[in-house]
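**Student:** Test case, fold it:
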Amino acid sequence: MIDLGEDAETIGPKGPKGFHFASFVPKDDGLYRALARQVRTVQQGEGPRLLAVRLAKSAFAAFKAPNVSAAKNLKGFDRSIAGDEAVELVPLRNPLAVFSGGSMTLELRQKGKPLSGQVITLVRRMDGFASVQEQTTDEKGRVNFAVGPADSYLARVKIDEETARPDGQKDKASYESTYVFQVFNRL
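**Tutor:** As a prediction, this is how the structure comes out:
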């Protein structure tokens, strides 16, 4: 999915703008990670700069002959892929091996380094806000969430920063990151 922006001649809400969808047919067995990234910068003249960086990530596996054992043994899910400017939620446990009643450990990173003292929210799709859990990252930038029934789960963090400028104004930056993972029933 790629956002190419608005077409200058398009007027009114005729449907999704600037998004293109395509099917993905994997050629090789293994782990695949999906990343959507949006960066916006707004600055009028010499005024304050506003920066917004948003990420959405997930992972999935593709196998010619799918089996649970192969998915549980996949590696590489814990590497950063977002770049230096973003804040990124990184699973430290295989996201394809999370079962009902288990847990998921995430690490929050910026510029490859862990961020401590940030609140991460976890929401289960079926229960929505009734299922919200919040935890603050430890000194290693980590949180460990207990997960409930099989479902899709969304982890989210948002960090707002201000930087003083020599002219007395402040530049502002907003970083948001989400990670979606599936919890499976035990076999």
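**Student:** For this protein, just list every one of the helices.
**Tutor:** For the chain, helices defined by DSSP state H occupy the ranges 68-72.
**Student:** separation between Ile159 and Gly102?
**Tutor:** 27 Å (Cβ to Cβ, to the nearest Å). Bear in mind the C-beta positions are built from the backbone N, C-alpha and C, glycine included.
**Student:** Output the below-cut-off pLDDT ranges for the protein.
**Tutor:** By pLDDT under 70, the low-scoring segments of the chain are 1-22, 187.
**Student:** Report the contact partners of the residue of the chain positioned farthest from its centre.
**Tutor:** Going by Cα atoms, centre = their mean, the residue of the chain most distant from its centre is Asp167, 34.9 Å out. Residues in contact with Asp167 (Cβ atoms under 8 Å, 6 or more residues apart in numbering) are Glu46.
**Student:** what separates the spatially closest residue to Ala70 that is not a sequence neighbour from Asp28, distance-wise?
**Tutor:** Distance criterion Cβ to Cβ, 6 or more residues apart in numbering; nearest residue to Ala70, sequence neighbours excluded, is Phe63 at 5.7 Å. Noted for Phe63: a distance of 10 Å to Asp28, by Cβ to Cβ.
**Student:** Comparing the two, which shows the higher neighbour count?
**Tutor:** Using other Cβ atoms under 10 Å, the more surrounded residue of Phe63 and Asp28 is Phe63, with 13 against 8.
**Student:** And the nearest residue to Gly148 once chain neighbours are set aside, how far from Asn185?
**Tutor:** Leaving aside its sequence neighbours, Gly148 sits nearest to Arg124 (Cβ to Cβ, 6+ apart; 6.3 Å). Separation of Arg124 from Asn185 (Cβ to Cβ) stands at 14 Å.
**Student:** Between these two, tell me which one has more neighbours.
**Tutor:** Arg124 (20 against 10).
**Student:** thought the more buried one was touching Ala146?
**Tutor:** No. In this structure, Arg124 is not within contact of Ala146 by Cβ atoms under 8 Å, at 11.3 Å.
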